[in-house]
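S.K.: Got a predicted structure here, sequence first:
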Amino acid sequence: MPPPEATLGHVLLVEPNPALRSAILAVLDAERYQAEACESLEQVLVRQDGRARVIALVAWQSMDGLLAEQQRHRLVELTSRLRLVLMVPRRWARLLERTDLGVAVAGLILKPFEADELLSTLQRALGVAPVEA
């Protein structure tokens with residue numbers, strides 16, 4: 001992991017799929033992001049601890065019923081504390097864009113995605129100019 005001063009930003013990742021989580025962390029590490037996996041939104045808030053340039057990269061798994069509504073409110077609340085980028089299935093994107101959550105998030109990454117999409121969305125969320133290859 002690069003020293004904090006050499007990183008583009010700090011990413012707290014909530015992704016339940018171990019293979020995808022590992023791949024995302026590897027890409028972020030290679031691109032000079034300080035990234036760490038979190039088990040929950042609560043863990044994201046604890047680890048964020050007032051640091052600047054932090055992004056929560058969260059995979060939203062379910063949009064079924066009341067649980068999804070409660071989760072949506074928690075995610076909107078989270079946007080007041082740090083930059084939130086959601087990874088969602090493509091079929092949910094238009095629906096989310098029309099909600100308070102779609103307006104509040106710093107970015108949406110539509111699954112499945114390419115590494116370049118992930119990196120450009122994180123750069124936009126941080127307000128960083130794209131890194132030239």
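M.R.: Nice, thanks for sending it over.
S.K.: Poorly predicted segments of this protein, please.
M.R.: Within the chain, the stretches with pLDDT under 70 are 1-5, 61-69, 129-133.
S.K.: now the residue most central in space within the chain, what's its secondary structure?
M.R.: What sits nearest the mean C-alpha location of the chain, by CA atoms, centre = their mean, is residue 57, with 1.5 Å. At residue 57, secondary structure determined by DSSP: H, G, I helix; E, B strand; the rest coil is strand.
S.K.: Which parts of this structure are helices?
M.R.: Using DSSP state H, the helices of the chain run over residues 18-30, 41-48, 65-78, 90-97, 100-104, 115-126.
S.K.: Out of those helices, the one nearest residue 10 is which?
M.R.: Nearest to residue 10 among these is helix 41-48 (8.3 Å), distances taken as CB to CB. C-beta here means a position set from N, CA and C on the backbone, and glycine is covered the same way.
S.K.: ok, and what's touching the closest one?
M.R.: 12, 14, 36, 38, 54, 56, 58, 74, 75, 78, 81, 82 (CB atoms under 8 Å, 6 or more residues apart in numbering).
S.K.: check contacts around the residue nearest to the centre of the chain.
M.R.: Contacts here follow CB under 8 Å, 6+ apart; on that basis residue 57 touches 11, 12, 13, 14, 15, 24, 85, 87, 109, 122.
S.K.: before we move on, the earlier item: filter the contacts of helix 41-48 to the buried ones?
M.R.: 12, 14, 38, 54, 56, 58, 75, 78, 82 (16 or more other CB atoms under 10 Å).
S.K.: Out of those residues, which two sit at the greatest distance?
M.R.: Greatest spacing in the buried ones among the contacts of helix 41-48, by CB to CB: 54 and 75 (15.3 Å).
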